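> return a 3D structure for these sequence lines:
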Amino acid sequence: MSRRLFIPLGIAITVITLIAIAVFVRAPGPAVGGRAGQDRAGEDRGGAEELQEQQESTQERLEALREARAAGRFGRRERILAAPAAGWAGEQLMNVSTDDWEPAIAADPNAPFVYMLATRYAPKPCPGNCPTPWMALEISSDGGATWSPGVPLCACKGSGQFDPIIEVVPNTGHVYAVYMNGYNVVFTKSTNHGQTWSAPVKTYGQVSWNDKPVLAMSNDGQHVYVSWNGPNAGDPWVAQSHDGGVTWTQTKLVGGPRYFFAYDADVLPNGTVVFSESSILYGGQGSTPSGQVQHHVFVSTNQGVAWQNVVVDSVEIGESCVAAGCSSDFYIGHSGVSADAAGSLVIVYDGATTPGGKQLVFSRRSTNGGVTWSARTTLSTSTEQSTGPVVESGAGGDVRVWFAQTNGGNHDAWNIWYRSSTDGGVTWAAPVKISDASTGADYKTANGFQEFYGDYGEIAITNTGKTIGVWGEAFSYTGPGGAWFNRQT
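Modelled structure (predicted):
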């Protein structure tokens, strides 16, 4: 599950060190590798300064939405003309009239329920101190063929809700979700297929700010793990609960100088927990990224008591994003990880092979719980810019991936490509274009859509073994745009 480089990054990190290939952290306990005297700076960086940037970005997105609607370029129902590949239903739009950013999806492995969650830039769902944007939930009870109207996951007080993640507990069908309420990550769950939800629970304890979560749980739902970044300045943390999300403890995994972004997580059949995260140095002029992007997995084999930090690969910083409102780091530092039923892992990630070059999508395999990894396999086209890969696995050897890729090198023409493997990522089927609609919004043409919208989308496998994926498309980084999805039939 990207980034998520939602907030512009406005601080230069000045201490340059290297993170060891394997670092063990014992939880709970003091942070390892933290820098004395930096906590206050971390609070400022993740507190008032970024909260203001978050609010400014929200206003820019709402203003772009108003302007597009006033110009008749957004929000009207258009006929969707799609040319679906064999075995696919054809691309559809989650909601025609709303501006939806960073969608997430989860499917029940034992029942036909599918859940879609997105950050919705729309009128407040309740009067008074009610959030904008807010988490919009849509539910399908037939494997993604039809959907309920979007409703708030929680019409809770707050200035804005961001970064939705949703998962289904395999053994129970219960639905777990996390999201940011301002700069605080909260957890909520449903035991009745998303009809009602528990009151949000704080995952962060006394940590002053936290950002960009991912979520995984054991098959019975008792052991729940959430990773987010926080103080000092983008350090990776894990919040964990061993009572189904009722109470939480927090552990810092690494202390500076790199800024970490958690993108995906999984719990293997033997209980091993694996997070995929990417780290970036912001030491360039104007806090631009410098050096290399490192793609990590954090692994625990004892239910979060200790964690191992494995650097899977280091890649170059590729082409910058030039869309309206976009920061230079938007395309970099995405990863995803998934375990099949046999416990074999596949990680997917993006990066360039030469500084400033085309960014590609790679995969690697692990059969020992993420401790060591195979050589790279390139999944994307070498002459195109690619970003945002996601992955999901099913039975032994069954792996499914999608990623965004330019068309003809044009950063105003993107498509989503799907690839699958039946041997655990050793070999891959030919790519299939699943963003197959040429109409339906003014930002879509026969060549693709204008900009990848949000730092991530997701992919899931239904109870009948079919793939369903969701992602964002838009005019630009600022938007407006929508959540689009496609499914196998």
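> gap between L65 and I332?
27 Å (Cβ to Cβ, to the nearest Å). Every residue, glycine included, has its C-beta placed from N, CA and C.
> oh, that last question was meant for C154, not what I typed.
To I332, C154 is 32 Å away according to Cβ to Cβ.
> same thing with A395?
With the distance defined as Cβ to Cβ, A395 ends up 33 Å from I332.
> of these two, who's got more company?
Between A395 and I332, counted using other Cβ atoms under 10 Å, the more crowded position is I332 (25 against 11).
> residues in contact with the more buried one?
Contacts for I332 (Cβ atoms under 8 Å, 6 or more residues apart in numbering) come out as 278, 280, 289, 293, 317-318, 350-351, 359, 387.
> for this structure, which segments count as helices?
Using DSSP state H, the helices found in the chain span residues 39-46, 48-70.
> now do the strands in the stretch 151-300 of the chain.
Using DSSP state E, counting those that start in this stretch, the strands of the stretch 151-300 of the chain run over 151-152, 161-168, 175-181, 185-190, 201-202, 211-217, 224-230, 235-241, 249-252, 259-267, 273-281, 290-300.
> of all those, which lies closest to V470?
Judged by Cβ to Cβ, the one of the strands of the stretch 151-300 of the chain that comes nearest to V470 is strand 161-168, at 10.7 Å.
> now do the contacts for I347.
Shown in contact with I347 (Cβ under 8 Å, 6+ apart): 276, 295, 297, 312, 335-337, 363-364, 366, 370, 373, 391.
> who does it bridge with?
For I347, the beta-bridge partners under DSSP bridges are V337, R364.
> just to revisit the earlier point, and the strands of the stretch 151-300 of the chain as JSON lines, adding distance to A70 and mean pLDDT?
Shown next, in JSON lines, are these (distance: least, Cβ to Cβ, whole Å; pLDDT from 0 to 100):
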{"stretch": "strand 151-152", "distance to A70": "26", "mean pLDDT": "96"}
{"stretch": "strand 161-168", "distance to A70": "26", "mean pLDDT": "97"}
{"stretch": "strand 175-181", "distance to A70": "30", "mean pLDDT": "97"}
{"stretch": "strand 185-190", "distance to A70": "35", "mean pLDDT": "98"}
{"stretch": "strand 201-202", "distance to A70": "40", "mean pLDDT": "98"}
{"stretch": "strand 211-217", "distance to A70": "32", "mean pLDDT": "97"}
{"stretch": "strand 224-230", "distance to A70": "37", "mean pLDDT": "97"}
{"stretch": "strand 235-241", "distance to A70": "42", "mean pLDDT": "98"}
{"stretch": "strand 249-252", "distance to A70": "45", "mean pLDDT": "98"}
{"stretch": "strand 259-267", "distance to A70": "35", "mean pLDDT": "97"}
{"stretch": "strand 273-281", "distance to A70": "37", "mean pLDDT": "97"}
{"stretch": "strand 290-300", "distance to A70": "39", "mean pLDDT": "97"}
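> show me the shaky parts of the stretch 251-400 of the chain.
For the stretch 251-400 of the chain, applying pLDDT under 70 flags the ranges 284-286.
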